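In: Okay, sequence plus prediction incoming.
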Amino acid sequence: MSNFIPVFEPLLNGNEKKYLEDCIDSGWLGSNGPYIKKLEENFSKYCNQQYGSCVTNGSAALDVTLRAMKELYKWEDYSEIIIPTFNIISAAQSCIYNKLKPIFVDAEPITWNIDTNRIEEVITNRTKAIIVVHIYGLPSDMNPIIEIAKKYNLKIIEDAAQAHGQTYNGKKCGSFSEAATFSFFTNKHISCGEGGIVLTSSKNLLDKINYYKNLCFFEEKFIHTDLGWNLRMSNLQAAVAYAQLEKIDKTIEIKKRIGAKYQELLKNIPAKLSCPKTNYAHNHYWIFGIVLNDDVKFNAKTARQKLLDNNIETRPFFYPMHKQPIFKKLGILDNINRPVSEKLYEKGFYIPTGLNLTDEKLEYISDKIKQLF
Ligand SMILES: Cc1ncc(COP(=O)(O)O)c(C=O)c1O
């Protein structure tokens, strides 16, 4: 397909190649190389957090963070962790791997983030934490979440995998909580193919994370009193991610330009578009989403197939966690409805926001979307 427009394409036009050559010339390939330290120090500084620990991906970042917190704060098995149901599986599966129970809260219909009005109703005396996920480039509404966390003595963990450089009332996402996780997967604002990082304000938590991600090596090498994982990132990956950190402001600017252009071109279609701004943030458009109006006679799946027939790749919205077949099979689901998230899945999809997209391509994509109606 020669004119195929992928849903995302990275832009590798900074120091990526230079830093990779540096790794090869110096022989530093593994996780003890200098780019790991540079990335940890500079990304945590950029996000106004104290410490960083690079890991293999954003899912692993959640796994190791929950394990470290559970141990540090002595959470009992099957303590409850509140997460948005409109989400990727990573947070929920991290809970399950760590013998914690995920509790699913519905999305708010305009921002698609966790509905902060619905959090208190699921809190019990077993609740220990809220995992806040900043969805699709717009931050969650942190002030009410912080208030609830204070009132019930809960920890907050931010999953900022889609929100590098995003701010809430001018303060960086990833700096609101004791621990925040990020992904550096290909389609993220900072990418090294696969990768991730945990940021934290707690030295105790950092030490635990570094311990579990590194096979639980302790003082005496090769003698272990715990089982961990090898979740270490390589110097090669860190070199690429570090080069991308250097130009993150430019990346965000490109994303915002793409988002603004789609808002203008698609303003009259019978659908809700990604929310451009709230009173606490402007959208970074990690993705650009479209949710078909109720009176549109076809669903997202049909729209996506028609766009694919025109060489335009799209992605479905998240399939809500409280409907996941695997969680049904595991018997961890209470019988709940989360209607906003269910509708978002049925009616929603997202369209290309690759960093190389020209205005001409954005116009082509928008024309094909308008033709759907
Ligand atoms: C919100 C969120 N959390 C976690 C992850 C998992 O990150 P990774 O793919 O690096 O494991 C992703 C990936 O897209 C994500 O979007």
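Out: Alright, I've got the coordinates.
In: Ala163 contacts Tyr285, doesn't it?
Out: No. With contacts defined as C-beta atoms under 8 Å, Ala163 does not count as touching Tyr285, sitting 11.3 Å away. For glycine as for every other residue, the C-beta is placed from the backbone atoms N, C-alpha and C.
In: if I look at those two, which residues touch both of them?
Out: Common neighbours of Ala163 and Tyr285 are listed as Gly137 (criterion: C-beta atoms under 8 Å, 6 or more residues apart in numbering).
In: Could I get the contacting residues of Ile96?
Out: Applying C-beta under 8 Å, 6+ apart, the residues near Ile96 are 102, 330, 332.
In: cool, Thr124 as well?
Out: The contact partners of Thr124, by C-beta under 8 Å, 6+ apart, come to Glu80.
In: Show me the longest strand that occurs in the protein.
Out: strand 127-133 (DSSP state E).
In: Can you list the strands that it pairs with?
Out: strand 80-84 (parallel), strand 155-159 (parallel) (DSSP bridges).
In: what's in contact with that strand?
Out: Strand 127-133 has contacts (C-beta under 8 Å, 6+ apart) with 62, 69, 73, 75, 79-84, 87, 91, 100, 103, 113-114, 119, 140, 142, 145, 148-149, 152, 154-159, 161-162, 176-177.
In: In ChimeraX, select just the buried ones from the residues you listed.
Out: Only the buried members of the contacts of strand 127-133 enter the following ChimeraX selection, criterion being 16 or more other C-beta atoms under 10 Å:
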select :62,69,75,79,80,81,82,83,84,87,91,100,103,113,114,119,140,142,145,148,149,154,155,156,157,158,159,161,162,176,177
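In: restrict the contacts of strand 127-133 to contacts with the ligand.
Out: Residues shared between the contacts of strand 127-133 and the neighbourhood of the ligand are 159, 161-162 [C-beta under 6 Å from any ligand atom].
In: Tell me how far stretch 323-331 lies from the chain's centre.
Out: 22 Å (C-alpha atoms, centre = their mean, to the nearest Å).
In: For it, output the C-alpha coordinates as PDB.
Out: Written as PDB, here are the backbone C-alpha positions of stretch 323-331 (Å, rounded to 0.1, in the frame of the first residue of the first chain):
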ATOM      1  CA  LYS A 323     -15.800  -6.200  30.400                       C
ATOM      2  CA  GLN A 324     -12.400  -8.000  29.700                       C
ATOM      3  CA  PRO A 325     -12.900 -11.800  29.100                       C
ATOM      4  CA  ILE A 326      -9.700 -12.600  31.000                       C
ATOM      5  CA  PHE A 327     -11.000 -10.900  34.100                       C
ATOM      6  CA  LYS A 328     -14.300 -12.700  33.800                       C
ATOM      7  CA  LYS A 329     -12.400 -16.000  33.500                       C
ATOM      8  CA  LEU A 330     -10.300 -15.200  36.500                       C
ATOM      9  CA  GLY A 331     -13.500 -14.500  38.500                       C
END
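In: if we can go back for a sec, comparing Ala163 and Tyr285, which residue is more hemmed in?
Out: Neighbour totals were compared for Ala163 and Tyr285, and Ala163 leads with 29 against 25 (other C-beta atoms under 10 Å).
In: picking up where we left off before, closest to His224 out of the ones next to the ligand among the contacts of strand 127-133?
Out: Relative to His224, the closest of these is Asp159; by C-beta to C-beta it sits at 29.4 Å.
In: I'd assumed Phe176 was in contact with that closest one.
Out: No. Assessed by C-beta under 8 Å, Asp159 is found out of contact with Phe176, at 11.7 Å.
In: what does this structure have sitting close to the ligand?
Out: Contact residues of the chain with respect to the ligand, defined by C-beta under 6 Å from any ligand atom, are listed as 57-59, 88, 90, 133, 159, 161-162, 183, 185, 196.
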